[in-house]
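Trainee: how does the following fold in three dimensions:
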Amino acid sequence: MTLHPQAQAVLDLLNQAPTPLKDMPPADARAAYDRFIVPRNFDPAPVGNVDDRQIPGANGEIRLRIYSPKTDTGPLPIFMFIHGGGFVIGSIESRDPQCRLICRDVPCIVVSVDYRLAPEHPYPAAPDDCWAALQWVHKNATALGGDPTRIAVGGESAGGNLAAGLALRARAAGGPALCAQILVYPVTDMFFEQDLPSYAFLDEDYFLTRDQMAWYYDCYAPGVTATDDIMLSPHKESDLSGLPFTQIVTAEFDPLRDDGKRYGERLAAAGVAVEYSCMAGMIHGYWHYGKLIDASKEALNLSIDALQRAFLVRN
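Mentor: All right, here's what the predicted structure looks like:
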């Protein structure tokens, strides 16, 4: 195992920050995080239309950003995307380039969810917002020019956790039926209760450290150190059968690597169609450094290809 030079270069830049994100007030950490990512991510690709919209949630309005491709062919499949950031940081804006590329290249409607963040809004605010968004997308799919029988969900890191939880929740509720879940280095074991080899990276200098994760979880689920709640830790669900086609993409030097890998193995054992890829030499977060890390586009293309194939089959 060798850290890729491009990953090392990004890690060096991250380590130059004068103040760690965990030592900042959350609002300042969010601003600093986006300032770092946005100029290093892909340039925004043109699409047919981008619309920011407020929808009703259980505790106030939820902002969605809806991307529509340049095509008159419809109805279009819909991909609901959930950004990462440890449930504390991250934004629609910092993942905007990925959503545009997915929209253009699949092509499909992409709905990016601006769910409430901790610590101002601890668990279960984030999964409740994502569930409300999924229900709204399904109900309004036709009005958006979309196909309610071809909806997929996905996200990276904390967003992968929320997407995996959505798939479980939709199965339990009897719908909306999903045709795919796309999970990029997902958190499925919130408090590292499994004994997985890649957890050793939490004590190394690969960006995602034990202290960083403790800060996220202290904000998101204060006082909780173990759980059987599948909306916090989807891996605690004993029955993973009946879930949609799943693509999981991880990173070799990511503490979450074996979390995603194990979840994929359990899904496959339950009869779910699973595709798993691990990006060699990469660290957590490589996915949103499009200008600096070639593997970012490689991984994104894997997901675009998976969505194209998943959307060929109607529920």
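Trainee: kindly check the end-to-end length of stretch 268-280 for me.
Mentor: For stretch 268-280, the first-to-last residue distance is 22 Å (Cα to Cα, to the nearest Å).
Trainee: residue 110 belongs to a strand, doesn't it?
Mentor: Yes. Per DSSP: H, G, I helix; E, B strand; the rest coil, residue 110 lies within a strand segment.
Trainee: okay, and the beta partners of it?
Mentor: Counting by DSSP bridges, residue 110 is bridged to residue 67, residue 79.
Trainee: so who does it touch?
Mentor: Contacts for residue 110 were tallied using Cβ atoms under 8 Å, 6 or more residues apart in numbering; they are 66, 67, 78, 79, 80, 81, 99, 100, 102, 103. Yep, even glycine has a C-beta here, placed from its N, CA and C like the rest.
Trainee: top of those residues by neighbour count?
Mentor: Comparing those by number of neighbours (other Cβ atoms under 10 Å), residue 79 comes first, having 30 neighbours.
Trainee: and the pLDDT for it?
Mentor: Residue 79 is assigned a predicted lDDT (pLDDT) of 98.
Trainee: wait, it sits on residue 111?
Mentor: Yes. The pair residue 79 / residue 111 is scored as a contact, 7.3 Å apart, by Cβ atoms under 8 Å.
Trainee: for the stretch 1-150 of the chain, just list every one of the strands.
Mentor: Along the stretch 1-150 of the chain, counting by DSSP state E, counting those that start in this stretch, strands occupy 49-57, 60-68, 76-82, 109-114, 146-156.
Trainee: the longest one vs strand 109-114, what angle?
Mentor: If I follow you right, that is strand 146-156. Interaxial angle, strand 146-156 versus strand 109-114 (axes from the mean of the first three to the mean of the last three Cα atoms, to 10 degrees): 50 degrees.
Trainee: and the next helix or strand past strand 146-156?
Mentor: helix 158-173 (DSSP states H and E).
Trainee: pull the residues that contact the helix or strand following that next one.
Mentor: Per DSSP H and E, the first helix or strand lying C-terminal to helix 158-173 is strand 180-184. Outside strand 180-184, the residues that touch it by Cβ under 8 Å, 6+ apart are 79, 84, 152-157, 159-160, 163-164, 166-167, 243-250, 260, 263, 287, 299, 303, 306-307, 310-311.
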